[in-house]
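Student: Prediction below, plus the sequence it came from.
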Amino acid sequence: MTQTISVEESRQLDAKTINEIGIPSMVLMERAGIKIYENMLDNKDLDLSKVLILAGTGNNGGDGLVVARLLVTHGYSVHILTVGNPAHASDDHKAQAKICDYYEIPKAFLNEDFNQYTILVDGLFGSGLSRNVGGDFATVIDKANAADANTHAIDIPSGLNGDTGEVMGTAIKAASTSTIAYAKNGMVTEQAKPYTGKIYVDDIGIYRGKRFEEASLIN
Ligand SMILES: NC(=O)C1=CN([C@@H]2O[C@H](COP(=O)(O)OP(=O)(O)OC[C@H]3O[C@@H](n4cnc5c(N)ncnc54)[C@H](O)[C@@H]3O)[C@@H](O)[C@H]2O)[C@H](O)CC1
Ligand SMILES: [K+]
């Protein structure tokens, strides 16, 4: 049985790991990026010939920027489409964007034809999704779903309610998802299957919580 948690619980475990235990968020982000990169190499349904990273301005987008840099430093062709107001970007996102600039990773644009890419990586929203998706975010999600390429989602397919599995206006239909620490409750519902695709659960050192630590000792 897959152990699943609520979105709020996942955010609390993130915060506890960073603020109480002391693992820096940039370390967690780097570990998340490495796991996501490895999952993408593992999934033979994904064609990594020409990659488009869809990055929101939060830490889900930050994870996507780590993946972009790892792909580039291993010889892959990568473009980055950042969606949202850069002024609202999280500190970790800004730090990762600066690293991507060092590697001169080219930028993509909203009105581009997504069919020139062989795979899309969804780093628009993760556990921070707080309302129905609209505007440019909805446009990008609908373009991604209409494109020929498969999409690999980071943490939670963007637009999917991580607690219920409901679609918040529109949502990424991913071929596969790398979810951080634990699958979220809504991701294992019947209605979520077309959106999550194959789920990889990535341990990146997030505190496991007493409930799960005892459970893992028993199994
Ligand atoms: N350091 C950590 O805590 C780690 C987090 N991980 C990854 O980070 C995301 C959670 O990141 P966060 O910045 O909290 O939120 P998101 O990136 O999911 O959302 C960004 C931002 O978007 C805004 N927003 C919410 N809903 C909407 C909407 N419908 N339309 C437009 N904008 C919206 C809101 O302001 C959010 O703040 C987590 O999922 C992981 O991927 C690391 O993996 C581990 C360390
Ligand atoms: K996502």
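Tutor: All right, it came through fine. Numbering: from 1, shown residues only. Ligands and ions are numbered 1, 2, ... in the order given.

Student: Let me know the next secondary structure element after the longest helix seen in the chain.
Tutor: Across the chain, the longest stretch assigned as helix under DSSP state H is helix 25-42. Next helix or strand after helix 25-42 toward the C-terminus (DSSP states H and E): strand 50-55.

Student: so for the helix or strand following that next one, what's the average pLDDT?
Tutor: Using DSSP H and E, the helix or strand that directly follows strand 50-55 along the chain is helix 59-73. The pLDDT scores in helix 59-73 average 98.

Student: again with stretch 156-167
Tutor: 98.

Student: Same check on stretch 9-27?
Tutor: Taken as a whole, stretch 9-27 has an average pLDDT of 96.

Student: Briefly note if that stretch comes near ligand 2.
Tutor: No - Stretch 9-27 stays clear of ligand 2 (CB under 5 Å from the ion), getting no nearer than 12.9 Å. The way it works is simple: take the backbone N, C-alpha and C, and place the C-beta from them, glycine included.

Student: what about that stretch, how long is it end to end?
Tutor: Counting by CA to CA, to the nearest Å, you get 20 Å between the two ends of stretch 9-27.

Student: returning to that earlier point: the longest helix of the chain packs against which elements?
Tutor: helix 59-73, helix 91-102, strand 119-123, strand 150-154, strand 176-180, strand 198-202 (3 or more CB pairs under 8 Å, 6 or more residues apart in numbering; DSSP states H and E).

Student: what comes into contact with the last one?
Tutor: Taking CB atoms under 8 Å, 6 or more residues apart in numbering as the criterion, the residues outside strand 198-202 that touch it are 2, 32, 35-36, 39, 42-43, 45, 175-183, 187-188.

Student: among those, which ones are buried?
Tutor: Among the contacts of strand 198-202, those classed as buried by 16 or more other CB atoms under 10 Å are 32, 35-36, 39, 43, 175-183, 187.

Student: near ligand 2 too, which of the residues you listed?
Tutor: When contact is defined as CB under 5 Å from the ion, the buried ones among the contacts of strand 198-202 do not meet ligand 2 at all.

Student: Would you check that V133 makes contact with E166?
Tutor: No - using CB atoms under 8 Å, V133 is not in contact with E166, being 12.0 Å away.

Student: Please compute how far stretch 152-168 lies from its chain's middle.
Tutor: Centroid displacement of stretch 152-168 relative to its chain, using CA atoms, centre = their mean, to the nearest Å, is 10 Å.

Student: Please apply the same query to stretch 151-170.
Tutor: Offset of stretch 151-170 from its chain centre (CA atoms, centre = their mean): 10 Å.

Student: Over to stretch 69-84?
Tutor: Taking CA atoms, centre = their mean, one finds the center of stretch 69-84 at 14 Å from the center of the full chain.

Student: In it, which residues are buried?
Tutor: Within stretch 69-84, the residues scored as buried using 16+ other CB under 10 Å are 69-72, 76, 78-84.

Student: Please convert these to a markdown table, extending it with distance to ligand 1.
Tutor: Listed next are those as a markdown table, based on distance: CB to the nearest ligand atom, whole Å:
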| residue | distance to ligand 1 |
| --- | --- |
| R69 | 15 |
| L70 | 14 |
| L71 | 17 |
| V72 | 20 |
| Y76 | 21 |
| V78 | 18 |
| H79 | 20 |
| I80 | 15 |
| L81 | 15 |
| T82 | 12 |
| V83 | 9 |
| G84 | 6 |
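
Student: between V133 and E166, who's got more neighbours?
Tutor: V133 (23 against 14; other CB atoms under 10 Å).
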